[in-house]
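1. just to be clear, the model below is a prediction. Sequence and coordinates:
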Amino acid sequence: MKQSLVTLDMEGVLTPEIWIAVADRTGLPALRRTTRDEPDYDKLMKYRIEILDAHGITLTDIQEVIGSLDLLEGALDFLNALRARVQVIILSDTFEQFAQPLLKQLGRPTLFCHRLLVKNDRITGYELRMPDQKKQAVQALQSLNYNVIAAGDSFNDTSMLGQADHGFLFHAPDNVVKQFPQFPAVNDYDELLKLILART
């Protein structure tokens, strides 16, 4: 029997959506747009960077917002219970420069993510670690003979869920749930924990 490994999205599954928090703090509702609304990640990021630039918002401004965020209620207990039983890797489309305060609260799990390009504290662009990194990571883990169980909440998680041996939507909005009925959708950490552990 294969060993199991779990891959989880971060924002919306374990932590609040960073860009929504930034939008609320800066009073710029345009930044509330996320991968739940816009499946094209490159288009979304260019749109965000234009808004930051137009309003003079710096990386430090964003990091201050992130530093004030708490995990989603129940997220740490869920992650601790899961990690007590199986290895977990966080696969996220966030950035190294954003993730550290939240990773610290989560007990520093392994994170695969992207990197921002920054000049004089202004975000000028971003570098994908690789295209479709969530799916590619699952594929690579499967090539190492792992049974991979994945959970996420957005359009950008669906290729990961489809590649995984078992994929679940968690806290996903109705439009994602309706478009991807092949993935069981749950909203409760205890239920998600049971579903995952039953497949390890």
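-> Happy to help now that I have it. Note that the structure is a prediction, hence the values are computed from the model and not measured. Numbering: from 1, shown residues only.
2. longest single helix anywhere in this structure?
-> helix 41-55 (DSSP state H).
3. got a list of contacts for that one?
-> Residues from elsewhere that reach helix 41-55 (CB atoms under 8 Å, 6 or more residues apart in numbering): 19, 26, 28, 30-31, 33-35, 38, 57, 62, 93, 122-126, 156. C-beta here means a position set from N, CA and C on the backbone, and glycine is covered the same way.
4. can you name the element that comes right after that helix?
-> helix 59-67 (DSSP states H and E).
5. then that next one to PDB, C-alphas only?
-> Extracted in PDB, the C-alpha atoms of helix 59-67 (Å, rounded to 0.1, in the frame of the first residue of the first chain):
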ATOM      1  CA  LEU A  59       5.300  45.700  -0.200                       C
ATOM      2  CA  THR A  60       5.800  47.000   3.400                       C
ATOM      3  CA  ASP A  61       2.100  48.200   3.500                       C
ATOM      4  CA  ILE A  62       0.900  44.800   2.400                       C
ATOM      5  CA  GLN A  63       3.200  42.900   4.800                       C
ATOM      6  CA  GLU A  64       1.800  45.000   7.700                       C
ATOM      7  CA  VAL A  65      -1.700  43.900   6.700                       C
ATOM      8  CA  ILE A  66      -0.700  40.300   6.500                       C
ATOM      9  CA  GLY A  67       1.100  40.500   9.900                       C
END
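6. would you mark the buried spots in that helix?
-> Judged by neighbour count using 16 or more other CB atoms under 10 Å, the buried positions of helix 59-67 are 59, 62, 65-66.
7. elements contacting it?
-> If you count contacts as 3 or more CB pairs under 8 Å, 6 or more residues apart in numbering; DSSP states H and E, helix 59-67 packs onto helix 18-26, helix 96-105, strand 122-127.
8. distance from the very next helix or strand once past the shortest one to the middle of the chain?
-> Sequence order places helix 133-143 as the next helix or strand after strand 122-127, per DSSP H and E. Computed by CA atoms, centre = their mean, to the nearest Å, the separation of helix 133-143 from the middle of its chain amounts to 15 Å.
9. how about stretch 101-111?
-> That offset, for stretch 101-111, works out to 12 Å (CA atoms, centre = their mean).
10. ditto for stretch 116-134
-> Distance of stretch 116-134 from the chain centroid (CA atoms, centre = their mean) equals 16 Å.
11. mean confidence score for it?
-> Mean pLDDT, stretch 116-134: 95.
12. mind listing what's buried in that stretch?
-> Quick answer for stretch 116-134 (16+ other CB under 10 Å): 116, 118, 123, 126, 133-134.
13. next one: stretch 154-173
-> Within stretch 154-173, the residues scored as buried using 16+ other CB under 10 Å are 154-161, 163-172.
14. and it, end to end?
-> The first and last residues of stretch 154-173 sit 8 Å apart, counting by CA to CA, to the nearest Å.
15. ok, residues contacting it?
-> Surrounding stretch 154-173, the residues in contact under the criterion CB under 8 Å, 6+ apart are 7, 9, 12-13, 34-36, 39, 41, 72, 91, 93, 132, 134-135, 137-139, 142, 147-153, 176-177, 179-180, 182-187, 192, 195-196, 199.
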